[in-house]
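A.B. asks: sequence and predicted structure, then a few things I'm wondering about:
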Amino acid sequence: MKTKINATFFVLIFSLLAGLSISAQPAKQNQEKGKAKVNVYYFHFNTRCATCRTVESEARQNVEDLFGKEARFASYNLDNPAGEAKGKELGVNSQCLIVVKEDTIINITKEGFMYARTAPEKFKKVIEEKINSLL
């Protein structure tokens, strides 16, 4: 019981910190013609827990299954130069899951960590709703 409470507390604190690290900053327009209309980015560091890996795999699968070529999923390691550069471009400096279309950024990190492992269908619905709102 205590372990479950500690795990829940950790996820809650992490989600709050992740939410504070990214705000609704405008994203640079970097989409070319023929590219996806919406991009979903997962930013992470080298060290990742099981939940972190699940958030990435579930988000990737959901984006591919639900949207095909209309939305694109990409994962970036913030410990690598390419990931750090992409993070700076989008105003990201910590682990997060975001949906991006032109100047609009929707942060779904909290939902990812709440539902990816325990309620994957609910997480899939969140992804679907957020991407559809931008299409």
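C.D. replies: On my side now, so go ahead. Numbering: from 1, shown residues only.
A.B. asks: quick one: the helices in the protein?
C.D. replies: 2-21, 50-67, 81-90, 109-115, 120-132 (DSSP state H).
A.B. asks: in CSV, list these along with mean neighbour count.
C.D. replies: All C-beta spots, glycine's among them, are computed from the backbone N, C-alpha and C. As requested, those are exported to CSV (neighbours: other C-beta atoms under 10 Å):
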stretch, mean neighbour count
helix 2-21, 12
helix 50-67, 18
helix 81-90, 14
helix 109-115, 22
helix 120-132, 17
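A.B. asks: avg pLDDT for stretch 89-108?
C.D. replies: Stretch 89-108 comes out with an average pLDDT of 96.
A.B. asks: may I see the buried residues of it?
C.D. replies: 90-92, 94-101, 105-108 (16 or more other C-beta atoms under 10 Å).
A.B. asks: mind giving me TSV with the helices of the chain and columns for distance to Asn39?
C.D. replies: Converted to TSV, the helices of the chain look like this (distance: least, C-beta to C-beta, whole Å):
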stretch	distance to Asn39
helix 2-21	18
helix 50-67	9
helix 81-90	9
helix 109-115	15
helix 120-132	10
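A.B. asks: and those, which one's lowest on average pLDDT?
C.D. replies: helix 2-21 has the lowest average pLDDT among the helices of the chain, namely a mean of 51.
A.B. asks: the most centrally placed residue in the chain: what's it in contact with?
C.D. replies: What sits nearest the mean C-alpha location of the chain, by C-alpha atoms, centre = their mean, is Leu97, with 1.2 Å. Counting by C-beta atoms under 8 Å, 6 or more residues apart in numbering, Leu97 touches Val40, Tyr41, Tyr42, Phe43, Val55, Ala59, Asn107, Ile108, Thr109, Gly112.
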